[in-house]
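**Q** Attaching a predicted model along with its sequence, questions to come.
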Amino acid sequence: YQEFNEEQRLALNHWLYYLHYFRINDGEIFVTIVNDLIAQLLTPYEPEIAELLLRENLEEQDHIKAFQLVREHIAHYYGYDSIQFPTKPFRKVFIAPQTTQWLVNYFGVDFIVVYFLGRGLINHMGKGFETAVAKTTSEKNSHYHYLSKLHTFHENHHMAVSHFMSSKGRDL
């Protein structure tokens with residue numbers, strides 16, 4: 001990396017961003033599926049919390065669209081927009097609502113507590129990456145940095161929801 005010129009470093013950073021968010025996209029989809037299911041379970045008893053999870057889904061859907069847009073621009077800029085990236089063999093199982101339903105049915109509230117605990121940790125780890133990108137200043141890529149900054153605000157919210165749900169899941 002040290003031997004690269006600025007253009008090569010930027011290309012590598014864009015490539016890593018592209019790959020990173022290619023995988024994060026599946027995680028974002030999984031979050032919306034889990035939130036939908038848990039919101040359905042909570043609506044009769046805790047409608048405000050169900051509404052909170054559904055609001056999170058709107059944020060996640062926004063993230064999915066934003067990351068897709070950035071990835072499309074990066075791919076087009078470097079000329080690999082026609083490349084078909086491989087997906088993991090069990091991807092369809094991972095993002096299938098039936099999988100989440102089975103997990104909740106089988107593990108009950110334990111799934112909910114562990115899921116939100118794990119999700120909070122993942123949000124926390126990802127926020128460090130996003131914060132670093134958001135703090136970088138570059139006129140050439142200012143929109144990407146601003147997008148990362150906005151994403152950190154949502155991640156703060158997601159971490160709070162995850163902490164709440166993992167600590168109060170059994171009570172709910």
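**A** Yep, it's here. Residues are numbered from 1 along each chain as shown.
**Q** which element is residue 11 on?
**A** helix 6-42 (DSSP states H and E).
**Q** swap in residue 114?
**A** helix 109-135.
**Q** Now do the buried residues in that helix.
**A** Buried residues in helix 109-135, counted by 16 or more other CB atoms under 10 Å: 111-113, 115-117, 119-120, 122-123, 126-127, 129-130, 133-134. Every residue, glycine included, has its C-beta placed from N, CA and C.
**Q** Find out how far the helix or strand following that helix is from the centre of the chain, if you would.
**A** As assigned by DSSP H and E, the chain's next helix or strand after helix 109-135 is helix 142-168. For helix 142-168, the separation from the chain centroid amounts to 9 Å (computed by CA atoms, centre = their mean, to the nearest Å).
**Q** and helix 142-168, which residues are buried?
**A** Buried, per 16+ other CB under 10 Å, within helix 142-168: 144, 147-148, 151-152, 154-155, 158-159, 161-163, 165-166.
**Q** Closest one of those residues to residue 52?
**A** Nearest to residue 52 among the buried residues of helix 142-168 is residue 161, at 6.3 Å by CB to CB.
**Q** does the closest one really touch residue 56, like I thought?
**A** Yes - in this structure residue 161 lies within contact range of residue 56 using CB atoms under 8 Å: 6.0 Å.
**Q** Next, name the residue at the spatial heart of the chain.
**A** residue 28 (3.9 Å; CA atoms, centre = their mean).
**Q** That one touches residue 60, doesn't it?
**A** Yes - using CB under 8 Å as the test, residue 28 is close enough to residue 60 to be in contact (4.9 Å).
**Q** For stretch 14-21, which outside residues touch it?
**A** 67, 70, 71, 74, 75, 77, 78, 129, 133, 144 (CB atoms under 8 Å, 6 or more residues apart in numbering).
**Q** chain center to that stretch, what's the gap?
**A** That offset, for stretch 14-21, works out to 14 Å (CA atoms, centre = their mean).
**Q** Let's test this: mean pLDDT of that stretch, rounded?
**A** For stretch 14-21, mean pLDDT is 86.
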